[in-house]
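**Student:** Provided below for reference: sequence and predicted model.
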Amino acid sequence: MNTDALTDSPRWARRWLFAAGIYNLVWGAVVIVFPNALFDLVGAERMRYPEIWQCVGMIVGVYGIGYLIAARAPRVHWPIVLVGLLGKVLGPIGFAVALAKGTFPPAFGLTILTNDLLWWAPFGLILWDAARCRGEMPAGPVPSLETALATSADQHGRTLMALSNDRPTVLVLTRHSGCTFCREALRDLAGRREEIIERGYGMAVVTMSDAAENRRMADEFGLTDASWIADPERVLYRALDLRRGSFLQLFGPVVFFRGMAAAFKGHGIGPLGGDGFQMPGAFVLHEGRVVREFRHVRASDRPDFTSLACEMPS
């Protein structure tokens with residue numbers, strides 16, 4: 001990990017967090033000194049125990065101190081930003097529930113605009129920047145495909161070069177072990193397993209996890225006879241030019257709704273095992289060459305393993 005990159009956060013991120021810190025300190029101080037002011041402004045009944053509202057002001061002010069600390073190095077202090085964003089998401093949800101019950105007047109929602117909604121985008125972008133910085137591709141020259149195939153070995157010590165020389169091999173490179181779409185793809189691969197084998201193909205799965213996690217996944221998806229390759233340094237990913245995805249490729253509307261559909265079908269979400277920004281891919285290798293490929297435009301794209309493992313030309 002590049003420590004210089006972590007401390008050298010973008011200026012816009014530092015400015016947003018500085019602004020959030022000052023805003024929270026001012027808002028908290030006003031609530032502590034004038035606990036009834038907001039209720040009078042929106043025409044709501046004053047609280048019987050204003051000390052409770054003053055306590056809220058104290059909590060908001062403490063958050064402000066946290067934001068000022070985070071403003072010094074947002075990429076390092078991203079947990080503070082995450083906690084703040086969670087509060088700014090859960091707060092409007094609580095207000096909506098109270099509004100539905102009729103316990104809060106609608107005018108009280110003005111505080112939601114400035115306390116919460118205003119900060120969703122900048123806080124989200126700060127977290128996005130921190131995550132991308134921490135998961136950068138390994139430094140150094142991009143390995144050639146021949147080198148990557150010759151040095152990447154499965155659980156039995158067989159290299160991908162040897163496997164592809166023996167027979168055509170369907171090669172699946174996953175994003176991370178918890179990715180909903182990769183879990184879906186592995187179930188698709190398992191469902192086409194007999195058909196793929198009958199056509200004379202082998203199967204290989206590449207992950208960014210370790211060997212123990214690969215064994216667990218092989219058992220979970222019924223792919224114990226496939227070759228499993230641990231590639232935490234992403235040698236094969238780089239050799240096959242599989243890059244890190246953009247925001248829309250990973251979290252766009254199409255990806256979101258496909259993820260919901262996949263989750264409802266039982267594919268679920270697992271723990272993050274690897275770089276969550278890495279894009280996946282599916283290929284057919286034969287004699288050390290890529291003869292077919294499926295490159296994802298979005299993380300949610302679904303490879304057709306039947307088409308990939310079609311009859312090889314003679």
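**Tutor:** It's in.

**Student:** any idea how far the residue nearest to the spatial centre of the chain is from L250?
**Tutor:** When C-alpha atoms, centre = their mean is applied to the chain, the residue found nearest the centroid is G276 (4.3 Å). G276 sits 8 Å away from L250, going by C-beta to C-beta, to the nearest Å. Using the backbone N, CA and C atoms, a C-beta is placed for each residue, glycine as well.

**Student:** can you check E213 too?
**Tutor:** E213 is 21 Å from L250, by C-beta to C-beta.

**Student:** and the strands in the protein?
**Tutor:** 169-173, 202-207, 227-230, 281-286, 289-295 (DSSP state E).

**Student:** export those to JSON lines and tack on mean neighbour count, mean pLDDT and distance to S246?
**Tutor:** Listed next are the strands of the chain as JSON lines, based on neighbours: other C-beta atoms under 10 Å; pLDDT from 0 to 100; distance: least, C-beta to C-beta, whole Å:
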{"stretch": "strand 169-173", "mean neighbour count": "24", "mean pLDDT": "97", "distance to S246": "18"}
{"stretch": "strand 202-207", "mean neighbour count": "23", "mean pLDDT": "97", "distance to S246": "22"}
{"stretch": "strand 227-230", "mean neighbour count": "21", "mean pLDDT": "97", "distance to S246": "26"}
{"stretch": "strand 281-286", "mean neighbour count": "22", "mean pLDDT": "97", "distance to S246": "16"}
{"stretch": "strand 289-295", "mean neighbour count": "15", "mean pLDDT": "96", "distance to S246": "14"}
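
**Student:** so who does I229 touch?
**Tutor:** Taking C-beta atoms under 8 Å, 6 or more residues apart in numbering, we find I229 in contact with S152, A153, D154, L160, A204, V205, V206, T207, N214, L236.

**Student:** that one bridge partners, please.
**Tutor:** V206 (DSSP bridges).

**Student:** and the gap between the residue of the chain positioned farthest from its centre and F104?
**Tutor:** Distance from the centre of the chain peaks at R48, with 44.4 Å (C-alpha atoms, centre = their mean). To F104, R48 is 16 Å away according to C-beta to C-beta.

**Student:** what's around I59, how many residues?
**Tutor:** As a burial measure, I59 scores 14 neighbours (other C-beta atoms under 10 Å).

**Student:** do you know the pLDDT at the closest residue to it other than its chain neighbours?
**Tutor:** The shortest distance from I59 to any non-neighbouring residue, by C-beta to C-beta, 6 or more residues apart in numbering, is to G28 (7.6 Å). G28 is assigned 94 on the pLDDT scale.

**Student:** ditto for F39
**Tutor:** 84.

**Student:** show me the contacts for it.
**Tutor:** So F39 contacts E45, R46, M47 (C-beta under 8 Å, 6+ apart).

**Student:** next: A148.
**Tutor:** L160, V235, L236, R238, A239, L240.

**Student:** 10 Å - rerun?
**Tutor:** Residues near A148 by C-beta atoms under 10 Å, 6 or more residues apart in numbering: V142, T159, L160, M161, D231, R234, V235, L236, Y237, R238, A239, L240.

**Student:** what is the end-to-end distance of stretch 259-279?
**Tutor:** Criterion C-alpha to C-alpha, to the nearest Å; first-to-last residue distance in stretch 259-279 is 15 Å.

**Student:** so how far is that stretch from its chain's centroid?
**Tutor:** With C-alpha atoms, centre = their mean, to the nearest Å as the basis, stretch 259-279 stands 9 Å off its chain's centre.
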